[in-house]
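Engineer: this is a predicted model, with the sequence first.
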Amino acid sequence: MTDGATRSFVDKWLAVQPQQRVALGFVEEVTRDERVALAAFEQELVASAYGIREPQVAAAKLQWWAEELSGAAASGGRHPLTKVLFGSDRARDVPADLWLAPVLAAMVQLEQGTPSDFAAQVAASRGLHGALAALENAWWFGAGVPVESASRIATLAHLVFALSRLELDAERERLPLPMTRLARHGLARGQLKEDSPARRDALRAQLGELAAGLHEALALGEPVSTFRGLEGRTALSTARGAARAGEPLAELHRRQSRSGPATAIRAWLAARHAGRFT
C-alpha cells in the first residue's frame, strides 16, 4: 500500500504482530492489499476495545466505528481502511451484520470484569474475537463457511498476548488471569506486578491450557486465513515455550517479536492450508 494514511494503520498492525511481515509474501498479490486492510481494520477495533483505559472514551470510539460501518456500504466510508475495504466488490458479499458484530461485542466487553475461571474467560473473549474471525473468514472464503477453528484461534491467541501484558494490566478491571487461577496460587492483584514462584506457576498453568486449546483449534482443519493461521501457530509455539521456561513472562516478551526460519515455515503452512479453501 502506497497511501500514507492507510500505510500507517498497516504499520500499527505489524507492530503488534511482526511475524505477519513474513506472511505477506505468501498472500496472492491480487488480493493482498484488501486482505491486509482487513487485518489492519481488525487491529483498530482491538485497540479501541483494549488500548483505551477510559471506558467512556473507548465507548465513543466504538460508537464512531458502528456509525462508520453502518453507512460504509452506501457512502464508501470515511476512514482510510474503510475506503479500501468498501472499495472492493468483496465487501458487498459480506453480510452487513458481520461488519457490526465485532463492534457490538467490543462494547459489551467494556463492562466486563475479571472472569471467574478459564472457561468463562474464553467465552467472554470469544464475543469480540470470534466475531472478528467470522468477518475474516467471510472475506477470505465466502459467507457461510465454518468458523469454529478460526474463532478459537483468534480468541486463544489474544489471551496469550494479553498474558504478556500482565504487569501493565494488573490494575485494570479485567485481568489476564481468571479469579480461580489467582486463588489457586494465592495471588492478590497487587502481587501480579512482581515476579514470584506463585506467579510463575499461575502463568505456566494458564499457558498450558492456552496451548492445549490452540492445538485442538488448529487440528480442526476448517478454513483459516493465512494471517490467522500464522497467528495461531505462533501463539501455540509461544505458549508452549513460555510454559517450559524458568521465567515464563520474560519468555513471553522475548517471543513476541521473534522471527526466523520457523516463522517462515509456519507462514507457509498457514498459506497452504488457506489455499485449500480459496
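Structural biologist: Yep, that arrived. Keep in mind it's a predicted model, so treat the numbers as computed, not measured.

Engineer: Leu236 reaches Ala212, doesn't it?
Structural biologist: No. Taking Cβ atoms under 8 Å as the definition, Leu236 is not a contact partner of Ala212, at 9.5 Å. In this view, the C-beta of every residue, glycine as well, is placed from N, C-alpha and C.

Engineer: and the gap between the closest residue to Gln43 other than its chain neighbours and Phe86?
Structural biologist: Counting by Cβ to Cβ, 6 or more residues apart in numbering, Trp13 is the residue found nearest to Gln43 once chain neighbours are left out, at 4.1 Å. When distances are taken as Cβ to Cβ, to the nearest Å, Trp13 and Phe86 turn out to be 18 Å apart.

Engineer: which SS state does Gly246 fall under?
Structural biologist: Here Gly246 is recorded as coil under DSSP: H, G, I helix; E, B strand; the rest coil.

Engineer: by mean pLDDT, point me to the weakest helix or strand of the protein.
Structural biologist: Confidence across the helices and strands of the chain bottoms out at helix 90-93, with a mean of 89, counting by mean pLDDT, DSSP states H and E.

Engineer: which of the residues in that helix are buried?
Structural biologist: The neighbour-count check on helix 90-93 (16 or more other Cβ atoms under 10 Å) flags 90-91 as buried.

Engineer: check which helices and strands it is in contact with.
Structural biologist: In terms of contacts (3 or more Cβ pairs under 8 Å, 6 or more residues apart in numbering; DSSP states H and E), helix 90-93 is packed against helix 55-75.

Engineer: pull the helix it packs on out as CSV, backbone CA atoms only.
Structural biologist: Taking only C-alpha atoms (Å, rounded to 0.1, in the frame of the first residue of the first chain), the coordinates of helix 55-75 have been written out as CSV:
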residue,chain,number,x,y,z
PRO,A,55,-14.3,3.4,29.2
GLN,A,56,-16.2,6.4,28.1
VAL,A,57,-13.5,7.3,25.5
ALA,A,58,-13.4,3.7,24.3
ALA,A,59,-17.2,3.6,24.0
ALA,A,60,-17.2,6.8,22.0
LYS,A,61,-14.6,5.4,19.6
LEU,A,62,-16.5,2.2,19.1
GLN,A,63,-19.7,4.1,18.6
TRP,A,64,-17.9,6.0,15.8
TRP,A,65,-17.0,2.7,14.2
ALA,A,66,-20.5,1.5,14.4
GLU,A,67,-21.8,4.5,12.6
GLU,A,68,-18.9,4.3,10.0
LEU,A,69,-19.7,0.7,9.2
SER,A,70,-23.4,1.2,9.1
GLY,A,71,-23.1,3.7,6.3
ALA,A,72,-20.0,2.5,4.5
ALA,A,73,-21.8,0.3,2.0
ALA,A,74,-23.6,3.3,0.7
SER,A,75,-21.0,6.0,1.2
